[in-house]
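Colleague: predicted model follows, preceded by the sequence.
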Amino acid sequence: MKSSLWIVTAALCSALSLSACSSARLGGSPIRSATAAPAVNPAPVEAVPSGPVTAEPLPPLEGSPLPPVAGAPMSGMPGGVPPEGTDVAGLPPTSAPAPAATPAPAPGNRTAMVGNWTASVAGGTCRVQLSSSPSLDLYRASASGCPNQDLSKVYAWDFRDGEVYLYQTGGAVAARLRGSSGGLSGVLAKSGAPLTLSR
């Protein structure tokens, strides 16, 4: 009877000590003895100011080859060509950028078109003067002795993209002509009749 009581007491003590250990190991709160010292919180640490932060590429590791520079021949290879059977990834060959296309120069300019012209149109000839005096966003023009009604109403002109535009009162385009300061040719806008201006 005494020995069986002893065995039961020993088993109970073992079970209690094991349950205390397992509860601490499995995240449970550990059982503290009354004599255990209370936990001490460490004193706060002051932040130390740091210097300026700079960013630059890291140097290559010792013993590793430098990365190839685009356009430079690969070291150890004649003419930068890798030996046959070697797979080398690289950038496509660089080519010089194509030069920007320059527009063809316009024949003449606004100043070269200023002056007196003889206009020839079906039905006869007349005088057309292209002035350098501005008229709003255009320039003044006048026609005298023109048998053609569309040409006789010309009051303004402009030079754009190598073409001379003749305008009627109200802003309608009377004619578009192309050429140089020596002679212009084109058509009347409404009728499509050929028109030439010569000095």
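Modeller: Sure, I can see it. Numbering: from 1, shown residues only.

Colleague: C-terminal to the helix or strand bottoming out on mean pLDDT in the chain, what's the next element?
Modeller: Lowest mean confidence among the helices and strands of the chain (mean pLDDT, DSSP states H and E): helix 2-25, at a mean of 65. Sequence order places helix 110-113 as the next helix or strand after helix 2-25, per DSSP states H and E.

Colleague: show me what the very next helix or strand once past that next one is packed up against.
Modeller: As assigned by DSSP H and E, the chain's next helix or strand after helix 110-113 is strand 115-121. Counting contacts by 3 or more Cβ pairs under 8 Å, 6 or more residues apart in numbering; DSSP states H and E, strand 115-121 is packed against strand 124-135, strand 194-198. Yep, even glycine has a C-beta here, placed from its N, CA and C like the rest.

Colleague: which neighbours does strand 115-121 have in its sheet, and in what orientation?
Modeller: Here strand 115-121 is paired, per DSSP bridges, with strand 124-135 (antiparallel), strand 194-198 (antiparallel).

Colleague: buried residues in the first one, which are they?
Modeller: Neighbour-count burial for strand 124-135 flags C126, V128, L130 (criterion: 16 or more other Cβ atoms under 10 Å).

Colleague: nearest to L138 among those?
Modeller: Top of the list for closeness to L138, among those and by Cβ to Cβ, is L130 at 10.7 Å.

Colleague: is the closest one in contact with V114, as I believe?
Modeller: Yes - counting by Cβ atoms under 8 Å, V114 is a contact partner of L130 at 5.5 Å.

Colleague: quick check: neighbours shared by the two?
Modeller: Residues touching both L130 and V114 (Cβ atoms under 8 Å, 6 or more residues apart in numbering): Y139.

Colleague: where in the protein is pLDDT low?
Modeller: For the chain, applying pLDDT under 70 flags the ranges 1-4, 13, 15-42, 45, 47-51, 53, 63-108.

Colleague: which member of the buried residues of strand 124-135 is positioned nearest L136?
Modeller: The closest of the buried residues of strand 124-135, once distances to L136 are taken by Cβ to Cβ, is L130, at 15.8 Å.

Colleague: how much space between that closest one and V164?
Modeller: Distance, L130 to V164, using Cβ to Cβ, to the nearest Å: 8 Å.
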